[in-house]
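Asker: Output the structure for:
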Amino acid sequence: MQIQRVGRALMALIVALAAPALAVAAGSKRPSKQYTIEQFMSTTSLTGASFSADENRILFSSNQTGIFNAYTVPVAGGPAIPVTQSTTDTTYAVSFFPKDDRILYTRDKGGDENNHLYVRERDGSERDLTPGDKLKASFEGWSRDDRAFYVLSNERDARFFDLYRYDAGSYERTLLYKDEVGYDLGAISGDERFIAFRKSGAATSDSDIYLWDLVEREMKHLTPHQGMADHSPQDFDPESKSLYYLSNDAAEFTRVRRYDLAAGTHADVEQAGWDVLYTSFSRNGRYRVTAVNDDGRTVIRVHDTRSGSLLPLPNLPEGDITSVRISRSEARMAFYVNGDRAPSNLYTLVFGDKDATRLSDTLNKEIDALDLVATEVVRFKSFDGMAIPSIFYKPHQASPEAKAPALVFVHGGPGGQTRKGYSALLQYLTNHGYVILGINNRGSSGYGKSFYTADDGKHGREPLWDCVEGKKYLASLPYVDADRIGIIGGSYGGYMVLAALAYQPEVFAAGVDIFGVANWIRTLESIPPYWESFRLALYQEIGDPTKERKKLEETSPLFAADRIRKPLLVLQGANDPRVIKPESDDIVAAVKKNGVPVEYVVFPDEGHGFSKRKNQIEGYGKIREFLDQHLKNAPIAKGQP
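Answerer: Below is the predicted model:
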């Protein structure tokens, strides 16, 4: 179950009904070659970017071998060189050391999310910097003088993360802040005097900023407010004079604000017609980068702080710029470009140049990108007139003469967002003839504070009813077969699948539940202890397992499983710490009693999400086999894509 919200934005006021999808329907009629799941999953996934000390290489993570490991690549282009070579556990690159070739990376065991921080020494040996059992640690940046780095660890108390300063040479550590309340780290000032924290309130969209003064040993509340408002610390300016933060106080969407540490005053800095996702400074403050969640896509703004103007970005392939990293010298920028038809590719740019250098080619060369589809943003009116924004996939081969099966795809959360950009699973299903509506039901982030909180205490009802209306919307399209519409989702989206089959048993023809919640009481009682900082907000969102057990029973599909009559596929990671395996075990056992087709796939080496290519191939392949059998009524023949 994904809890982190990815942004809040003003819900669009102009609602387009069938017109946007009909425009999609009028798209290309070109023949589309179909590809196997093995071909789709042979596409490479990349993440992360860190410049080497001499700024000639970039450290990143890649799953090109089927399991994520750390790699480096020259900034001028060339082959990627593996730094780690794990064949069992996912390894994610974190950072080069600022003055030498040592490397930090993180790893857990089988997806259990108990990440440890490791260093690869110059001689190639590996050292666990956060040893111990059942602890979770994370890297939190470098000190201003590059002599130390910061690490969060919950080794002392599983509920809370203490902040440590590690010496970059000896790895000796010093405790900077002992958390006994439940704060989330925001930023550390360059002079190491102030630490900014975010503290969740008892409501879904409510949080505050607290400032710890390491000299005075005092905690200051910076954002007292009335009503619901989210506040999130982002970065201190390089002079340690101001704290930049995000706020939607007295507004629908977040904007950038600044707190003057000496004067104690607040001022607006930047806003957009949508949510601001983050803002941060380059090392010496020459640039400030801001990301905006613009109707399901990311728009980057690079501010030149000297001129006050926005830096023109290079000509790039269609898609979103993400994960921007600026080198210490402020001469270069690394970033990813992600498009509907192209997975994320790593680029580097020398400031002042018109063209960027592409460092990767992640789409499987056997796949023609033109056989994939561009997504569209569509909106439909739900049962009460609320506009529901969605990301729409239309297969090339779908037409009124060859009506296609369709799926309502529900994101994780609660409070996630289906966004534009490459999805191997959704492109695979679309490539094989499924129309897909990636619904952002009420409660999704990215469309304003009111929309974001509209599902509080209403799970199993209003958000589900949005999905039902999404099915009606699909059924109204001339190229969709109204009798062959299913529902699919992961995590909270998996809960929505189970809720749809249990509480609206005649609406969808089949369901695919990917590690979804079946019993809210058990899930809320078994959440990881390190979710303590937002536990009360989660209870406000879904229900308190102590005070509202009856309500949670009524909204838990397990207790209505006898009503499920449509075919169900369930996928689960055995080591999932968020939605534990008994959730899927129980719903599968209960539905089997109804005599309906149920399939169950468990991966012993995965957690909340499937990171290993072999498991993605098996799991996503099973999804299509199941849908072809129960929606297309045409099982895959041997040898077919």
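
Asker: can you count the residues close to the closest residue to Asp384 other than its chain neighbours?
Answerer: Spatial nearest neighbour of Asp384, excluding adjacent residues (Cβ to Cβ, 6 or more residues apart in numbering): Glu462 at 8.0 Å. Just so you know, the C-beta spots here come from the backbone N, C-alpha and C atoms, and that holds for glycine as well. If you count neighbours by other Cβ atoms under 10 Å, Glu462 ends up with 19.

Asker: separation between Glu462 and Asp455?
Answerer: 6 Å (Cβ to Cβ, to the nearest Å).

Asker: Identify the contacts common to the two.
Answerer: Arg442 (Cβ atoms under 8 Å, 6 or more residues apart in numbering).

Asker: Which single helix of this structure contains the most residues?
Answerer: Across the chain, the longest stretch assigned as helix under DSSP state H is helix 613-630.

Asker: quick one on the thing from earlier: for the residue nearest to Asp384, which residues are in contact?
Answerer: Asp384, Arg442, Ala454, Asp455.

Asker: Kindly report the same for Thr130.
Answerer: Counted by Cβ under 8 Å, 6+ apart, Thr130 has contacts His116, Leu117, Ala137, Val151, Ser153, Glu155.

Asker: Can you give me the neighbour number for Leu175?
Answerer: Around Leu175 there are 11 residues (other Cβ under 10 Å).

Asker: can you check Glu113 too?
Answerer: Counted with other Cβ under 10 Å, Glu113 comes out at 17.

Asker: Quick check: nearest residue in space to Phe508, chain neighbours excluded?
Answerer: Ile487 (4.6 Å).

Asker: ok, which stretches of the stretch 101-250 of the chain are strands?
Answerer: 103-107, 116-120, 126-128, 137-142, 148-157, 160-167, 173-177, 184-188, 194-200, 207-213, 218-221, 231-236, 242-247 (DSSP state E, counting those that start in this stretch).

Asker: for the fifth one, the distance to its chain's centre please.
Answerer: Taking the mean of its C-alpha atoms, strand 148-157 sits 23 Å from the chain's own mean (Cα atoms, centre = their mean, to the nearest Å).

Asker: same question, the fourth one
Answerer: For strand 137-142, the gap between its own C-alpha mean and the chain's C-alpha mean amounts to 19 Å (Cα atoms, centre = their mean).

Asker: Now flag whichever of the contacts of Glu462 is closest to Arg107.
Answerer: Of all those, Arg107 sits closest to Asp455, with 35.0 Å by Cβ to Cβ.

Asker: picking that back up, now, among the contacts of Thr130, which is nearest to Val596?
Answerer: Looking across these and measuring by Cβ to Cβ, the closest to Val596 is His116, at 43.1 Å.

Asker: ok, now how distant is that closest one from Tyr164?
Answerer: In terms of Cβ to Cβ, His116 sits 14 Å off from Tyr164.

Asker: Between these two, which has more neighbouring residues?
Answerer: Tyr164 (22 against 19).

Asker: who are the neighbours in contact with the nearest residue to that one once chain neighbours are set aside?
Answerer: Excluding the flanking residues, the one nearest Tyr164 by Cβ to Cβ, 6+ apart is Arg173, at 4.5 Å. Arg173 makes contact with Val151, Tyr164, Arg165, Tyr166, Asp167, according to Cβ under 8 Å, 6+ apart.

Asker: bridging residues for Arg173?
Answerer: Following DSSP bridges, Arg173 is listed with bridge partners Tyr166.

Asker: Counting by contacts, list what the longest helix of the chain packs against.
Answerer: helix 37-41, helix 424-431, strand 480-490, strand 511-514, strand 568-573, strand 598-603 (3 or more Cβ pairs under 8 Å, 6 or more residues apart in numbering; DSSP states H and E).

Asker: one step back: bridging residues for the residue nearest to Phe508?
Answerer: Val408, Gly511.

Asker: That one contacts Ile436, doesn't it?
Answerer: No. Checked against Cβ atoms under 8 Å, the pair Ile487 and Ile436 is beyond contact range at 10.9 Å.

Asker: Between the two, which has more neighbouring residues?
Answerer: Ile487 (32 against 26).

Asker: separation between that one and Gly385?
Answerer: The value you get for Ile487 to Gly385, if Cβ to Cβ is used, is 23 Å.
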